[in-house]
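Asker: any chance you can model this:
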Amino acid sequence: MSTVYLAGPIAGCSYDEAMDWRSDAATVLNAYGIDTLSPMRAKEALRDVAELSSWDYPEHGPLSSGSVYARDLFDVRRSDVLLANLTGVDRVSIGTMFELGYATALTKYIVVVMEPENVHKHIFVSQSAGIIVSTMAEALRSIVIVMR
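Answerer: I've put the predicted structure just below:
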């Protein structure tokens, strides 16, 4: 079965903001028999955090910085496609850019969703992407087509 890694900003988002688009994308892709891997899975302990951080992690356990980093890269490695949702942001997502670079190094197919004028507008993003679209609906259609 094919698998899509759901990359996108987490730092600066609420738990629900980080989860909502990932849940919606998973629902659509799962209906086509495509699995998804979310960096937000098993992070229900963060549900009440108003704004998720990129640096404030416990020292040990599954939410430690080392665990988060290792699992996210493991998930990128075992995915067939990386879907990077960069819409609606006002600052660069360093974690997502790292995942994008790692997926590129692993020759994964990359779908980027972002507006024409986005803080992530950069040649490294455009050259890494197999396709760049401006809506999640377009991205999901593209993935279903690629996975067939």
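Asker: which parts of this protein are strands?
Answerer: For the chain, the strands defined by DSSP state E cover 3-7, 35-37, 81-85, 109-113, 131-133.
Asker: okay, buried residues for the second one please.
Answerer: I take that to be strand 35-37. Within strand 35-37, the residues that count as buried by 16 or more other Cβ atoms under 10 Å are 36-37. Quick note: C-beta positions are derived from backbone N, CA and C, even for glycine.
Asker: how far off centre is that strand?
Answerer: Per Cα atoms, centre = their mean, to the nearest Å, the displacement of strand 35-37 from the mean C-alpha position of its chain is 11 Å.
Asker: low-confidence ranges, this protein, go.
Answerer: Applying pLDDT under 70 to the chain flags residues 44-45, 50-63.
Asker: reformat the strands of the chain as JSON lines; add distance to residue 97.
Answerer: Shown next, in JSON lines, are the strands of the chain (distance: least, Cβ to Cβ, whole Å):
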{"stretch": "strand 3-7", "distance to residue 97": "9"}
{"stretch": "strand 35-37", "distance to residue 97": "18"}
{"stretch": "strand 81-85", "distance to residue 97": "9"}
{"stretch": "strand 109-113", "distance to residue 97": "11"}
{"stretch": "strand 131-133", "distance to residue 97": "14"}
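Asker: which one of these lies nearest to residue 100?
Answerer: Nearest of the strands of the chain to residue 100, taken as Cβ to Cβ: strand 81-85 at 5.7 Å.
Asker: what residues are up against residue 104?
Answerer: Counting by Cβ atoms under 8 Å, 6 or more residues apart in numbering, residue 104 touches 110, 128.
Asker: pretty sure residue 144 contacts residue 33?
Answerer: No. At 9.6 Å, residue 144 does not count as touching residue 33 under the criterion of Cβ atoms under 8 Å.
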